[in-house]
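**Student:** Next input, structure requested:
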Amino acid sequence: MIFYRIYQIFIMLPLMLVATTLTALTVIVGSFIGAGKWAGYYPPAVWSRLMCWLAWVRVTVRGRENISPSTSYVFVANHQGAYDIFTIYGWLGHNFRWMMKKELRKIPLVGYACEKARQVYVDNSTPARLRKTMNAAEALLAGGMSVVVFPEGARTWDGHMRRFKRGAYTLAVEFNLPVVPLTIDGAFAVMPRFKKFPRPGHITLTIHPPIHPSADGHDTAALMETTRAAIASALPTEKA
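**Tutor:** Reported below is the predicted structural model:
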């Protein structure tokens, strides 16, 4: 283990820093020259695969045949750890934007790059700011872009799923968009929220069949329950 820690400090972390900086700059420049739709997804997807490769993390995908590149979706995923982001970015295979915590805007360079790429920062500190957040998400969806949301709102502390919030489901019902549950299993073992360094591991991303709100007769509460059950179905019982 000591050799892996030496590798992390002197090789992995410097390479991650360089890769993150270059990716953020690529996103910013691409957005300024009018290639934001491309720059906001493909460079980060390559970056995410590199971040997993450097940390000796392997990712397996199941169910990619359930989604179409030409369809707009609201993706909802459980939130086990920091490597959830790399897993979805690198292996989902579908252009999207995140609905992400506003605190991430403070990350030097990366926060600005996310803003230029039209990632949606969620601010629910006041009703007016929450409405602004929803307006930004609505504009993306109206333009044919998909969004990815962690409905738990934050990473789990113990590996179990937290209570889901309604925001993503309200959007799906309003725009009558299919909701695609995503199950992430293994990211908690790689890097839970209370750890500073990742560990080698194996993450499985399961892409479930879309759930159509109107066709299936789901309201917001029913969507939350159905998608949470779908996500839990691909997790070991003790993590659901």
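**Student:** Now do the closest residue to Arg166 other than its chain neighbours against Thr170, distance only.
**Tutor:** Nearest residue to Arg166, sequence neighbours excluded (Cβ to Cβ, 6 or more residues apart in numbering): Thr220, at 5.8 Å. In this view, the C-beta of every residue, glycine as well, is placed from N, C-alpha and C. Distance from Thr220 to Thr170, counting by Cβ to Cβ, to the nearest Å: 6 Å.
**Student:** One more: Leu109?
**Tutor:** Taking Cβ to Cβ, one finds Leu109 at 32 Å from Thr170.
**Student:** Where does the prediction get shaky in this structure?
**Tutor:** Counting by pLDDT under 70, the ranges of the chain that qualify are 215-218, 238.
**Student:** would you list every one of the strands in the protein?
**Tutor:** Under the criterion DSSP state E, strands of the chain are mapped to 57-62, 74-77, 96-101, 120-122, 146-149, 179-185, 201-207.
**Student:** what ranges do the helices span in this structure?
**Tutor:** Remark: helices assigned in the chain by DSSP state H are 2-7, 13-32, 36-39, 42-54, 83-91, 110-116, 127-142, 167-175, 187-190, 220-233.
**Student:** can you tell me which of these comes nearest to Arg97?
**Tutor:** Across these, Arg97 has its closest neighbour in helix 127-142 (5.6 Å, Cβ to Cβ).
**Student:** and that closest one with strand 96-101, angle?
**Tutor:** 170 degrees (axes from the mean of the first three to the mean of the last three Cα atoms, to 10 degrees).
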